[in-house]
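>>> What shape does this take:
(one chain, ligands or ions: 1)
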Amino acid sequence: MRYISTRGQAPALTFTEALLAGLAEDGGLYVPQTYPQLDRTAIAAFAGKPYAEVAEAVIAPFVGEAIPRAELRAMLAQAYAPFRHAAVAPLAQLGDNLFLMELFHGPTLAFKDVAMQLLGRLTNAALAARGLRATVVGATSGDTGAAAIEAFRGLDRVDVFILYPHGRVSNVQRRQMTTVPDANIHTIALEGSFDDAQSILKGLFRNAGFRKDVGLTGVNSINWARVVAQVVYYFTSAVALGAPHRNVSFTVPTGNFGDILAGYVAKQMGLPIERLVIATNENDILARTLETGRYEVRGVKPTQSPSMDIQVSSNFERLLFDASGRDAARVSAMMAALDQSRGFSIDERALQAIRADFDAFAVSEPQTREEIAETYRQDEYILDPHSAVGVHAARRALERRPATPMIVAGTAHPAKFPDAIKAATGVTPALPPHLAHIAAAPERFEILPNDPVAIEKFIRAKARAAQA
Ligand SMILES: *Cc1c(COP(=O)(O)O)cnc(C)c1O
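Here you go, the predicted structure:
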């Protein structure tokens with residue numbers, strides 16, 4: 001299996017090469033040359049199988065020869081062992097034909113663990129095979145940093161540096177990052193905002209000397225390996241509800257379009273998915289795009305579902321590539337227009353192709369609060385604000401097609417967002433017992449000035465790749 005860039009000007013790579021590269025050198029995203037196919041018999045055989053076993057069957061064709069099968073199997077077993085539910089992604093029923101897929105049973109209580117736990121192990125193995133070390137640097141407003149730290153802690157080939165805005169993340173979020181004792185984890189409290197942290201990060205990635213000296217790598221959601229890991233739970237949940245003998249639909253709370261793209265990939269592989277419903281909060285760029293055919297960036301509004309507060313949905317480029325008949329020149333032109341004028345138009349044929357698979361609904365802040373309150377009143381089930389955006393959109397989609405089971409991606413545990421839950425329901429959700437220890441564990445972090453030079457110096461001094 002080979003991977004090609006959506007912009008057509010970068011070399012084709014193997015799975016592990018694409019994994020280590022992240023972004024293609026022409027600025028595009030890597031996609032598989034073709035989608036592996038699973039026939040009905042293969043899909044039906046997933047029924048009742050352990051999650052890691054289904055994961056192996058779904059992921060192996062994407063990996064191809066790049067990793068020996070037994071090694072992949074071992075990594076999958078390790079990646080999903082820390083999940084607190086044996087099914088990894090169990091379903092809860094919220095209504096007639098309405099199900100929530102709980103993706104938050106991983107170590108940091110958000111769905112990013114599902115992909116990140118595998119990404120850490122894949123990256124470490126790829127580096128070990130090449131005799132290399134790497135340095136992960138990330139900026140976080142909360143969730144991604146914790147998931148990356150949990151996934152890479154203790155790995156011998158990788159040092160991790162996570163920058164977060166000092167004093168501007170919640171206590172739970174900070175403690176999830178700072179109570180990890182492993183020596184390869186470095187948490188930096190930046191004396192600045194999240195935007196400052198991101199701008200320092202971008203500067204480090206542009207600094208060719210630094211990039212080479214420390215073996216700089218990212219963990220953001222455009223990495224193809226993260227998308228592939230997310231394809232698995234579309235299969236397990238659909239099969240649990242009767243696929244491939246029955247169609248199902250999915251609704252996904254969407255930010256960077258990584259999660260729902262994985263659903264699209266599952267459909268390309270042969271899973272009978274009827275509709276893929278994009279749920280956005282008030283940052284509704286994707287809902288507007290499906291409606292009008294014009295992708296237009298506006299300012300970001302802070303909401304109760306911060307992990308979906310985005311301006312640009314990076315992974316949407318992969319869908320545009322397919323919808324445009326895999327014409328890299330057309331994708332490059334759209335992306336150039338996005339850079340220059342913060343928007344582009346999708347031609348009629350591509351728009352029809354997208355609408356053939358996807359619907360989109362934007363959910364307001366009051367609707368999100370009301371959904372949390374109403375679901376709690378009716379089912380005594382506490383939705384986190386991101387999942388609530390999904391459930392609200394799913395109810396609207398179900399009105400159109402009530403006969404097909406709808407599965408909503410439940411992307412975070414409510415205990416991560418206690419203030420929003422308290423405001424909607426009057427109750428404060430408790431942290432699960434396995435996280436209770438972070439309240440008292442010693443914290444370890446470095447407070448550094450909002451100064452790119454100081455950050456670079458700190459990372460160079462600590463990164464093992466720089467000492468080699
Ligand atoms: C990242 C995230 C999302 C959005 O997922 P994308 O893949 O970026 O679309 C939704 N909910 C939560 C809790 C997240 O952390």
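
>>> low-scoring pLDDT stretches of the stretch 1-150 of the chain, where are they?
Within the stretch 1-150 of the chain, no range satisfies pLDDT under 70.

>>> Up against the ligand, what does it have?
Proximity of the stretch 1-150 of the chain to the ligand, by CB under 6 Å from any ligand atom, involves residues Ala110, Lys112, Asp143. Using the backbone N, CA and C atoms, a C-beta is placed for each residue, glycine as well.

>>> Please name the residues that touch the last one.
Meaning Asp143. Contact analysis of Asp143 by CB atoms under 8 Å, 6 or more residues apart in numbering lists Thr108, Ala110, Lys112, Gln173, Ser307, Ala412, Lys416.

>>> Take the residues of the stretch 1-150 of the chain next to the ligand and keep only those in helices.
Lys112, Asp143 (DSSP state H).

>>> coming back round to it: any chance of the contacts of Asp143 in CSV, plus neighbour count?
Below are the contacts of Asp143 laid out as CSV (neighbours: other CB atoms under 10 Å):
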residue, neighbour count
Thr108, 28
Ala110, 24
Lys112, 30
Gln173, 19
Ser307, 24
Ala412, 23
Lys416, 26
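
>>> Among those residues, name the ones in helices.
Per DSSP H, the subset of these in helices is Lys112, Gln173.

>>> And the contacts of Asp143, which two are furthest apart?
Lys112 and Gln173 (12.7 Å; CB to CB).

>>> what sits against Asp159?
Applying CB under 8 Å, 6+ apart, the residues near Asp159 are Arg133, Ala134, Thr135, Val136, Asn184, His186, Lys462, Ala463, Arg464, Ala465.

>>> May I ask you to confirm that the fifth one is in contact with Leu155?
Yes. Using CB atoms under 8 Å, Asn184 and Leu155 qualify as a contacting pair, with a distance of 6.5 Å.

>>> For the stretch 151-300 of the chain, which segments are assigned as helices?
171-178, 194-206, 208-214, 224-240, 258-268, 285-292 (DSSP state H, counting those that start in this stretch).

>>> and stretch 72-83, which residues are buried?
Going by neighbour count (16 or more other CB atoms under 10 Å), the buried part of stretch 72-83 is Leu72, Arg73, Met75, Leu76, Ala79, Tyr80, Phe83.

>>> tell me the contacts of the first one?
Counting by CB under 8 Å, 6+ apart, Leu72 makes contact with Glu56, Ile59, Ala60, Val63.

>>> that older thread, and the ligand, which of the helices of the stretch 151-300 of the chain is closest to it?
The minimum distance between the ligand and the helices of the stretch 151-300 of the chain falls on helix 258-268, with 3.3 Å, by CB to the nearest ligand atom.

>>> Just the ones of the buried residues of stretch 72-83 in strands?
Judged by DSSP state E, the buried residues of stretch 72-83 include no members of strands.

>>> So which bits of the stretch 151-300 of the chain are right by the ligand?
So the stretch 151-300 of the chain meets the ligand at Ser221, Pro253, Thr254, Gly255, Asn256, Phe257, Gly258, Asp259 (CB under 6 Å from any ligand atom).

>>> what's the burial count for the third one?
Meaning Thr254. Using other CB atoms under 10 Å, Thr254 has 32 other residues around it.

>>> Surely it is in contact with Phe316?
No. Counting by CB under 8 Å, Thr254 does not reach Phe316; the two are 9.4 Å apart.

>>> Need the residues touching each of these two.
Leu286.

>>> do you know how far Phe361 is from the ligand?
Per CB to the nearest ligand atom, to the nearest Å, Phe361 is found 14 Å from the ligand.

>>> So for that residue, what's the pLDDT?
pLDDT recorded at Phe361 is 98.

>>> need the residues of the stretch 351-468 of the chain near the ligand, please.
His386, Thr411, Ala412.

>>> which one among the residues you listed gets closest to Val265?
Nearest member of those to Val265, counting by CB to CB, is Thr411, at 17.7 Å.

>>> List the contacts of the closest one.
Here Thr411 is in contact with Leu103, Phe104, Ala110, Phe111, Pro253, Asp259, Ser307, Asp384, His386, Ser387, Gly390 (criterion: CB under 8 Å, 6+ apart).

>>> ok, 7 Å please
Neighbouring residues of Thr411 by CB atoms under 7 Å, 6 or more residues apart in numbering: Leu103, Phe104, Ala110, Phe111, Pro253, His386, Ser387.

>>> For Leu98, list each beta-bridge partner.
Counting by DSSP bridges, Leu98 is bridged to Gly95, Met406.

>>> pretty sure Ala420 is in contact with Ser387, am I right?
No. Look at Ala420 against Ser387 with CB atoms under 7 Å: they stay out of range, at 11.4 Å.

>>> So which bits of stretch 31-47 are buried?
Going by 16+ other CB under 10 Å, stretch 31-47 has these buried residues: Val31, Pro32, Tyr35, Pro36, Leu38, Ile43, Phe46.

>>> ditto for stretch 440-460
Phe445, Leu448, Asn450, Pro452, Ile455, Glu456, Ile459.
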